[in-house]
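Student: Got a predicted structure plus its sequence, pasted below:
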Amino acid sequence: IGLHHVHHLSAKIPNYNLIVLNNIKTISTGLSSTLKEFTANGGSILVFPSPIGDMESYTNYFSLLGDVNLFSGKDTSATTVSTVNLEHEMLADVFEKVPENIDLPRVNFHYSTAIRTRSVMETLLTLQNGDVFLSRYHCGNGYLYVCASPLGDTYSNFPKHALFVPLLYKIALYSQ
């Protein structure tokens, strides 16, 4: 959902299996509670953060869900995804054979993450500097997926990368 759809979400939420939060500047306490209930009941949420987001509201939302890692700062250094967790069920059959010189997504902006001791994070994609790019958390009976970069060419080429569509398909599939 985009920013202008947030206020209409509560009434429609039981009809969805997956909600994509894209470029939401502030996750209000009301929305946080609604989303927590959604995952508790088996729904999945995929977060693409806002580049100018209110990080305190993201922290409050992630904390409400339990042992979810928090964004700790912005990193604007150019880097690439260096590791694809091919043993994870989400990625196990994405490639028939992994090319030797695989071209992985380039990233110009991402949020670094403070890893909590009791984190229940499953890492799907990792950046060269060790920061997590895409992660999954089991929350209630559902899942929370967090991408460290906003969508948009300025931030990364992930939305145009060959991994993007299969991953979104898998996320949708596991949200059923």
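Tutor: Sure thing, it's come through.
Student: how about the helices in the chain?
Tutor: In the chain, the segments counted as helices under DSSP state H are 9-12, 29-40, 55-64, 164-174.
Student: out of those, which comes closest to L104?
Tutor: Closest to L104 of the helices of the chain is helix 164-174 (CB to CB; 11.7 Å). Bear in mind the C-beta positions are built from the backbone N, C-alpha and C, glycine included.
Student: could you dump the closest one to CSV, C-alpha only?
Tutor: This file holds the C-alpha atoms of helix 164-174, laid out as CSV (Å, rounded to 0.1, in the frame of the first residue of the first chain):
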residue,chain,number,x,y,z
PHE,A,164,12.7,-9.5,-7.7
VAL,A,165,9.8,-11.2,-9.4
PRO,A,166,10.5,-14.7,-8.2
LEU,A,167,11.0,-13.5,-4.7
LEU,A,168,7.8,-11.5,-4.7
TYR,A,169,6.0,-14.5,-6.2
LYS,A,170,7.4,-16.7,-3.4
ILE,A,171,6.4,-14.2,-0.7
ALA,A,172,2.9,-14.1,-2.1
LEU,A,173,2.8,-17.9,-2.3
TYR,A,174,4.0,-18.4,1.3
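Student: Does anything pack onto it? Which helices or strands?
Tutor: Packing contacts for helix 164-174, counted by 3 or more CB pairs under 8 Å, 6 or more residues apart in numbering; DSSP states H and E, involve strand 44-48.
Student: tell me which residues in the strand it packs on are buried?
Tutor: For strand 44-48, a neighbour-count test (16 or more other CB atoms under 10 Å) marks S44, I45, L46, V47, F48 as buried.
Student: Equivalent analysis for stretch 149-161, please.
Tutor: For stretch 149-161, by 16+ other CB under 10 Å, it's S149, P150, L151, G152, Y155, S156, N157, F158, P159.
Student: Out of these, the closest to E87 would be?
Tutor: F158 (20.8 Å).
Student: Can you report how many residues neighbour the residue nearest to the closest one when sequence neighbours are not counted?
Tutor: Closest residue to F158 apart from its sequence neighbours, by CB to CB, 6 or more residues apart in numbering: P105 at 4.3 Å. Applying other CB atoms under 10 Å, we find 22 residues neighbouring P105.
Student: heads up, I number from 22, so please use that
Tutor: Will do, 22 is the new start, and the previous item becomes P126.
Student: Settle this for me: P126 is touching S177, isn't it.
Tutor: Yes: counting by CB atoms under 8 Å, S177 is a contact partner of P126 at 5.8 Å.
Student: Which of the buried residues of strand 65-69 sits closest to S140?
Tutor: Closest approach to S140 among the buried residues of strand 65-69 (CB to CB): V68, at 15.7 Å.
Student: who does the closest one bridge with?
Tutor: Beta-bridge partners recorded for V68 (DSSP bridges): L42, V167.
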